[in-house]
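Q: okay, predicted coordinates and the sequence, questions at the end:
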Amino acid sequence: MNVGEKISGVTSAFLESNNPFEEFLQIIKYDVKTAEISQNRRRRNSLQLLLDRGIIKNGDRIVLLPVNKPSDHYHSELISKATLLLGNGKPKVQWDYDNKEYSISRLTHIILVEIAQQTNLVNHHLNGTQYWVLQGTVDSLFSLANNIDKLNKTC
């Protein structure tokens, strides 16, 4: 069987070789090009976008949206609060509960899946910015970044 048939149901022109190794290399080359294109179309990191626009700054406090907070019996209120660390490199958050640094998505996973046992989220990538707000505000960090992204596209 041709590798192209196995992948897409249709044999493509570059997958008609009798050499399976050559077919494999062609598939990898195609996948790399496709991945590069999709990464270029991918929206920028929400925290980085908000930082660049001056909406957030290093040291800002964030809290879980009230609907996402685990029940009180899990731990103290510290579980739903963190501080933005937006220095060099990738934006991170410092969790009040243990004072360790995490990506916002990893921290969200820890809270919702590992602590709150929301098993429906186990196999999903959690975009952490959808679950957190700047302290004293109501819109999620994701919504804020999404609004900026929409403004950039209309201008």
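A: Thanks, I have the structure now.

Q: check contacts around residue 57.
A: Contacts were defined as CB atoms under 8 Å, 6 or more residues apart in numbering; by that measure residue 57 touches 51, 84, 86. Where you see a C-beta, it was placed from the backbone N, CA and C, and this is true even at glycine.

Q: assign it to helix, strand or coil.
A: Using DSSP: H, G, I helix; E, B strand; the rest coil, the three-state assignment for residue 57 comes out as coil.

Q: what distance do you get for it to residue 137?
A: 14 Å (CB to CB, to the nearest Å).

Q: and for these two, which residues touch both?
A: Contacts common to residue 57 and residue 137, judged by CB under 8 Å, 6+ apart, are absent.

Q: pick out the residue closest to the middle of the chain.
A: For the chain, the residue nearest the mean C-alpha position is residue 127 (4.1 Å; CA atoms, centre = their mean).

Q: next up, the contacts around that residue.
A: Residue 127 makes contacts with 46, 105, 142, as judged by CB under 8 Å, 6+ apart.

Q: so which residues of the chain form strands?
A: All strands of the chain, identified by DSSP state E, fall at 61-64, 81-85, 92-95, 101-102, 132-134.

Q: can you say which of these is nearest to residue 112?
A: Nearest to residue 112, of all those, is strand 61-64, at 8.8 Å by CB to CB.

Q: strand partners (parallel or antiparallel) of that closest one?
A: Its sheet considered, strand 61-64 pairs with strand 81-85 (antiparallel), strand 132-134 (antiparallel) by DSSP bridges.

Q: what about the last one, distance to the chain center?
A: Its chain's average C-alpha position is 15 Å from that of strand 132-134, according to CA atoms, centre = their mean, to the nearest Å.

Q: buried residues in that strand?
A: Within strand 132-134, the residues that qualify as buried are 132-134, counting by 16 or more other CB atoms under 10 Å.

Q: before we move on, the earlier item: quick one: closest of the strands paired with strand 61-64 to residue 122.
A: Among the strands paired with strand 61-64, the nearest to residue 122 by CB to CB is strand 132-134 (20.0 Å).

Q: so what touches the closest one?
A: 56, 60-65, 82, 93, 104, 108, 139-141, 144.

Q: and the pLDDT for the residue nearest to residue 100 when sequence neighbours are not counted?
A: Distances taken as CB to CB, 6 or more residues apart in numbering place residue 94 nearest to residue 100, at 7.1 Å, with adjacent residues excluded. Note for residue 94: predicted pLDDT of 96.
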